[in-house]
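> got a predicted model here, sequence first, then my questions.
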Amino acid sequence: MPQSSPPPRRPRILQVVSHLALGGAERVAVTLMECLRDEFDFSLHAVRGVEAGGIGDALAREIHALNVPLTLGARVPMRFGGVITSGIGLTRVVRRLQPDLIHLHTEIPEAACAAMLAWSPALREIPLVRTIHNTVFWHFWRPLGRWCDRRIAHSFIAGVSPACVETVLQLRRESGAAAPPETPLTIYNGMRVPPPARRRENGGDGPVKLIFGGRLEPQKGTDLLPEILARTRPPTRGAHLLIFGSGTHGGLLRSLAGNPPRGWRVELRAPTPRFIEEISQCDLMILPSRYEGLGLVAVEAALAGTPVVATNAAGLRDVFSHDHPWLAQPGDAADFAAKLQHALD
């Protein structure tokens, strides 16, 4: 009998993320693998391993459940040799897995790849894709960003919003690298639509429930929350703000929870992988971000049917219609409080 030819080999895709932790880039990488695993053989490398806490561990479990090979690098800061160690680690992973394409998510993976190509130029033959997940890009070490941009100038580029595309084009103008092989594209982040959550019924006799979820960092505007609440008059039945997150503003927000303005109750909780279920149990989401790439939590709120008070920040504004009534100026606590007051009233 004639021998049947073996089925064609599926392309091998290596996705590279900074670490497994609370962040949109990591979530998008996992969603891509969930949705495209019948077309590609995926593997994932977390340059700085798994961040302590429930979110990183939950992502690792999801990846293992997908039967996707997961490799972890060492948690060495970029300024203290992390560029070198991450480049060495990525080189070993690439040589072992031999991917047909490498997909880089954010700055730390770009630095690892640039370092890898500096001492292994032959690996430059592997096509690169870069996804830009934020509108503030390589701000913490701009000279290194320009060096990396020159090393990986041959990559194909996508931004998760038009503002992200402009951000990487500005870096390209500064770095003086050659033009990318194709014009950078805007590809809005996709999300796997969850099953409909059972919404909380607020009959008007309990406090209004508000929710925030994300890193407790200046980007997210969490340092503005004490002033925002102080300027906002809660309804007579009170208001309860649930904050899910961790970061440098944790101490500030614990103080706010211990001594909230009159009529407010504030509760600080650890990040949860089931955040969209929490959203569905609240009446309103607040997002006082100074900047975003796109703002996936706002998309999650839309899927949950929960209205949002946010800012007109680059990237984040793309989630909303042009006539959305509750978009404040980024970094302006008084303006955000006015928009929040309007929503509560």
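Nice, thanks for sending it over.
> can you give me the helices for the stretch 101-250 of the chain?
Counting by DSSP state H, counting those that start in this stretch, residue ranges of the helices within the stretch 101-250 of the chain are 107-119, 142-151, 162-175, 225-231, 250-258.
> which strands and helices sit next to the top helix by length along the chain?
Among the elements of type helix in the chain, defined by DSSP state H, the one spanning the most residues is helix 82-97. On a contact count with 3 or more CB pairs under 8 Å, 6 or more residues apart in numbering; DSSP states H and E, helix 82-97 meets strand 12-17, strand 41-46, helix 107-119. Yep, even glycine has a C-beta here, placed from its N, CA and C like the rest.
> which of the ones you listed sits closest to residue 211?
Using CB to CB as the criterion, the shortest distance between residue 211 and the helices and strands packed on helix 82-97 is 25.7 Å, found for strand 12-17.
> give me the distance from the closest one to the chain's centre.
Using CA atoms, centre = their mean, to the nearest Å, the distance from the centre of strand 12-17 to the centre of the chain it belongs to is 17 Å.
> ok, stretch 113-122 next?
Relative to the centre of its chain, stretch 113-122 is centred 26 Å away, using CA atoms, centre = their mean.
> low-confidence bits of the stretch 201-345 of the chain, can you list those?
Within the stretch 201-345 of the chain, the ranges that satisfy pLDDT under 70 run 201-204.
> ok, 90 please
For the stretch 201-345 of the chain, the stretches with pLDDT under 90 are 201-206, 272-277, 295-296, 300, 302-305, 315, 322.
> Serialize the helices and strands packed on helix 82-97 to JSON lines and add fields for distance to residue 244 and mean neighbour count.
Formatted as JSON lines, the entries for the helices and strands packed on helix 82-97 read as follows, by distance: least, CB to CB, whole Å; neighbours: other CB atoms under 10 Å:
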{"stretch": "strand 12-17", "distance to residue 244": "21", "mean neighbour count": "24"}
{"stretch": "strand 41-46", "distance to residue 244": "22", "mean neighbour count": "24"}
{"stretch": "helix 107-119", "distance to residue 244": "24", "mean neighbour count": "23"}
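> among those, which is nearest residue 252?
For the helices and strands packed on helix 82-97, proximity to residue 252 was assessed by CB to CB; helix 107-119 is nearest, at 26.2 Å.
> using TSV, lay out the helices and strands packed on helix 82-97 together with distance to residue 174.
Putting the helices and strands packed on helix 82-97 into TSV (distance: least, CB to CB, whole Å) gives the following:
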stretch	distance to residue 174
strand 12-17	23
strand 41-46	28
helix 107-119	15
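> among the ones you listed, which is nearest residue 144?
Evaluated over the helices and strands packed on helix 82-97, closeness to residue 144 peaks at helix 107-119, with 6.5 Å, by CB to CB.
> what is the closest one packed up against?
Contacting helix 107-119 under the criterion 3+ CB pairs under 8 Å, 6+ apart are the following elements: strand 12-17, helix 82-97, strand 101-105, helix 142-151.
> residue 49: how many residues sit nearby?
By other CB atoms under 10 Å, the residues close to residue 49 number 19.
> which residues touch the longest helix of the chain?
Helix 82-97 has contacts (CB atoms under 8 Å, 6 or more residues apart in numbering) with 12, 14, 16, 43, 45, 47-48, 69, 71, 73-74, 76, 78, 102, 108, 111-116, 118-120, 123, 126, 144.
> name the residues of it that come out as buried.
82-91, 93-94, 97 (16 or more other CB atoms under 10 Å).
> now, which of those residues sits nearest residue 222?
Proximity of the buried residues of helix 82-97 to residue 222 was ranked by CB to CB; the top entry is residue 82 with 26.1 Å.
> start and end of stretch 280-300, how far apart?
9 Å (CA to CA, to the nearest Å).
> neighbouring contacts of stretch 265-275?
In contact with stretch 265-275 (CB under 8 Å, 6+ apart) are residues 22, 53-55, 58-59, 207, 213, 229, 238-246, 250, 253-254, 256-257, 260, 278, 297, 300.
> mind running it again at 6 Å?
22, 55, 58, 213, 240-245, 253-254, 256-257, 260 (CB atoms under 6 Å, 6 or more residues apart in numbering).
> list buried residues within these.
In terms of neighbour count (16+ other CB under 10 Å), the buried residues within the contacts of stretch 265-275 are 22, 55, 58, 213, 240-245, 253, 256-257, 260.
> out of those residues, which are inside strands?
The members of the buried ones among the contacts of stretch 265-275 that map onto strands under DSSP state E are 213, 240-244.
> so which two of those are the farthest from each other?
With CB to CB as the measure, no two of those lie farther apart than 213 and 240, at 14.9 Å.
> now the ones in strands among the buried ones among the contacts of stretch 265-275 in JSON lines, with distance to residue 140?
Formatted as JSON lines, those follow (distance: CB to CB, whole Å):
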{"residue": "213", "distance to residue 140": "23"}
{"residue": "240", "distance to residue 140": "35"}
{"residue": "241", "distance to residue 140": "30"}
{"residue": "242", "distance to residue 140": "30"}
{"residue": "243", "distance to residue 140": "25"}
{"residue": "244", "distance to residue 140": "25"}
